[in-house]
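Q: Okay, structure incoming, though there's no sequence with it:
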């Protein structure tokens, strides 16, 4: 085996990628940062692949030129026989400073180590966050959200089906430092189905767009054309009354279509749904004020359709107001509950289609998605394909890993393939929100975790 002191030589013909033809005896693995030195100039590079053949070959990408002022990530150039050296912690810090990577989420797992940081400005792209059950996915997402909430002014709305983030405003009393202090100052509101007045999770049926009303009422424009037509003609009249006041008007009407509409409302049991705002503020009104964080605890409704009503109401309102260009990050935990291609009820389809529209067109209006799920295959491909950031935790499904490789070509294959062997809390970050694809161990949260595994009772 070669001694570590033997010089490794890198070659780049295109000024973008590099190859080391013989790296036998070196300790560099996929994910390592190195420098390539030639003609008195240095470039920072990332090892993306280490072959298992003899001689060992390294392949990767050139990140940028090291200069006296930092790292110029816009400049890289071809080299012949560039000397390969390990990057040091000072170089990693320079990379973070140059790119604006401020959000510390953990520690790097590959050479030269040091902190793992994300770029706050690149959350203006859609993000896909995934990992199988037990990988630490939700905990790690909490770490990233803490950093984003503490160190940016970006409003965050969390669709929280399992009450995992309802304690996001409870900072550990023993936590110190700038992040903890900033979190204590943030306006974090938690809306729940059965909360006190003012904190209830509510929506207004009559303020929804026509298509969304029809989806909730299960009215087809053709098959139920008479009732749908009545919805059209009711128009602004529906916006000025509550559902409790609407029913008597419909029942007492001399128009048969309106009476049939009343029967439909009653048969579906809509008046008994606790989701309707009535005298409470609707979720759309609260989010319109742009608190720092709004957590929507979607669990606890008496029927499963009601959390879809909340989601549809808010997504419709944000889309209707998109020209205001008021940025907001929509964090959708367990995204398969709202974005699965298999959902087929009218209201579920309406929610999914709105998410597809936001994924495709919302970015330029400041509507940015962060979708978290255990199974990528359960999220509509029209949404995944729009994501420019990836956080991948342990994933053992070959099908899911292959699908991720298809959608996220910027994530090195060799790093994706390590996912089945990740320990709990380990992740691959790739895409625009990280200076270079990074393997990391996520740090401890500063706020209380809402959920958590139930332990097996022992004698």
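A: In hand now; what should we look at? For clarity, every value in this text was computed on a predicted model and none was experimentally measured.

Q: Domain-wise, how is the chain divided?
A: Here the domain assignment for the chain is 8-75+82-99, 116-203+275-442, 219-267, based on automatic domain parsing.

Q: Determine which stretch of these is the most buried.
A: Highest mean neighbour count of these: domain 116-203+275-442, a mean of 19 (counted as mean count of other C-beta atoms under 10 Å). Any C-beta I mention is one placed from the backbone N, CA and C, and that applies to glycine too.

Q: what about it, start to end distance?
A: 8 Å (C-alpha to C-alpha, to the nearest Å).

Q: now stretch 355-375
A: 17 Å.

Q: Stretch 281-291 now?
A: 14 Å.

Q: related to what we said a few turns ago, what's the least confident stretch among the domains of the chain?
A: Lowest mean pLDDT within the domains of the chain: domain 219-267, at a mean of 84.

Q: And the strands in the stretch 51-200 of the chain, which stretches?
A: Secondary structure of the stretch 51-200 of the chain by DSSP state E, counting those that start in this stretch: the strands cover 58-67, 70-72, 79-86, 103-108, 115-118, 126-130, 156-160, 188-191.

Q: And the fourth one, what does it pack against?
A: Put plainly, it is strand 103-108. Contact analysis of strand 103-108 by 3 or more C-beta pairs under 8 Å, 6 or more residues apart in numbering; DSSP states H and E lists strand 115-118, helix 137-151, strand 438-442 as its packing neighbours.

Q: Which element, helix or strand, includes the spatially most central residue of the chain?
A: Closest residue to the average C-alpha location of the chain: residue 370 at 1.9 Å, with C-alpha atoms, centre = their mean. Counting by DSSP states H and E, the element that carries residue 370 is strand 367-373.

Q: got the angle for that strand vs strand 126-130?
A: Interaxial angle of strand 367-373 relative to strand 126-130 (axes from the mean of the first three to the mean of the last three C-alpha atoms, to 10 degrees): 10 degrees.

Q: Can you name the residues in contact with strand 367-373?
A: 123-130, 137-138, 141, 318-319, 322, 327-336, 339, 355, 358-359, 362, 379, 383-384, 386-387 (C-beta atoms under 8 Å, 6 or more residues apart in numbering).

Q: do that again at 6 Å, thanks
A: 124, 126-130, 141, 318, 329-333, 335-336, 358-359, 379 (C-beta atoms under 6 Å, 6 or more residues apart in numbering).

Q: Can you list the strands that it pairs with?
A: strand 126-130 (parallel), strand 328-332 (parallel) (DSSP bridges).

Q: and after that strand, which helix or strand comes next?
A: helix 381-384.

Q: Tell me which stretches of the stretch 251-400 of the chain form helices.
A: Under the criterion DSSP state H, counting those that start in this stretch, helices of the stretch 251-400 of the chain are mapped to 256-267, 283-288, 305-320, 336-339, 346-361, 381-384, 398-407.

Q: quick one: which of the ones you listed is nearest residue 83?
A: Of all the helices of the stretch 251-400 of the chain, helix 398-407 sits nearest to residue 83, with 32.3 Å by C-beta to C-beta.

Q: Contacts for the closest one next, please.
A: So helix 398-407 is contacted by 376-377, 384-385, 395, 416 (C-beta under 6 Å, 6+ apart).

Q: Could you rerun that using 10 Å?
A: 128, 130, 132, 373-379, 381, 384-387, 390, 392, 395, 397, 411-413, 416-417, 419-420, 428, 430 (C-beta atoms under 10 Å, 6 or more residues apart in numbering).

Q: and residue 412, what does it touch?
A: 30-31, 46-49, 59-61, 405, 418, 428, 430, 436-437.

Q: Over to it: give its phi and psi.
A: Per-residue torsions, residue 412: phi -60, psi 130 (degrees, to the nearest 10).

Q: how close does it get to residue 433?
A: 16 Å (C-beta to C-beta, to the nearest Å).

Q: same question, residue 392
A: Where residue 433 is concerned, residue 392 sits at a distance of 13 Å (C-beta to C-beta).

Q: same thing with residue 225?
A: From residue 225 to residue 433 the distance is 48 Å (C-beta to C-beta).

Q: what's the answer for residue 386, then?
A: Distance, residue 386 to residue 433, by C-beta to C-beta: 15 Å.

Q: I'd say residue 220 and residue 214 touch.
A: Yes. Look at residue 220 against residue 214 with C-beta atoms under 10 Å: they come within range, at 7.7 Å.

Q: Name the residues contacting each of those two.
A: With C-beta under 10 Å, 6+ apart as the test, residue 220 and residue 214 both reach 227-228, 346.

Q: Tell me which residues touch residue 229, please.
A: Per C-beta under 10 Å, 6+ apart, neighbours of residue 229: 219, 221, 257.

Q: which one among those gets closest to residue 271?
A: residue 219 (16.9 Å).

Q: Show me what whichever strand or helix holds residue 43 pairs with in its sheet, parallel or antiparallel.
A: Per DSSP H and E, residue 43 falls inside strand 41-50. Sheet pairing of strand 41-50 (DSSP bridges) gives strand 33-38 (antiparallel), strand 58-67 (antiparallel).

Q: To residue 279, which of the ones you listed lies closest?
A: Nearest to residue 279, of the strands paired with strand 41-50 and by C-beta to C-beta, is strand 58-67 at 56.7 Å.

Q: Now do that closest one against strand 79-86: the angle between them, please.
A: 90 degrees.

Q: tell me how far strand 58-67 is from the chain's mean position?
A: Strand 58-67 sits 28 Å away from the centroid of its parent chain (C-alpha atoms, centre = their mean, to the nearest Å).

Q: just stretch 59-77 next, same as before
A: That offset, for stretch 59-77, works out to 29 Å (C-alpha atoms, centre = their mean).

Q: need the helices and strands packed on strand 103-108 in a markdown table with distance to residue 11, can you?
A: Below are the helices and strands packed on strand 103-108 laid out as a markdown table (distance: least, C-beta to C-beta, whole Å):
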| stretch | distance to residue 11 |
| --- | --- |
| strand 115-118 | 29 |
| helix 137-151 | 37 |
| strand 438-442 | 25 |
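
Q: So for residue 234, which of those sits nearest?
A: Ranking those by their distance to residue 234 (criterion: C-beta to C-beta) puts helix 137-151 first, at 41.1 Å.
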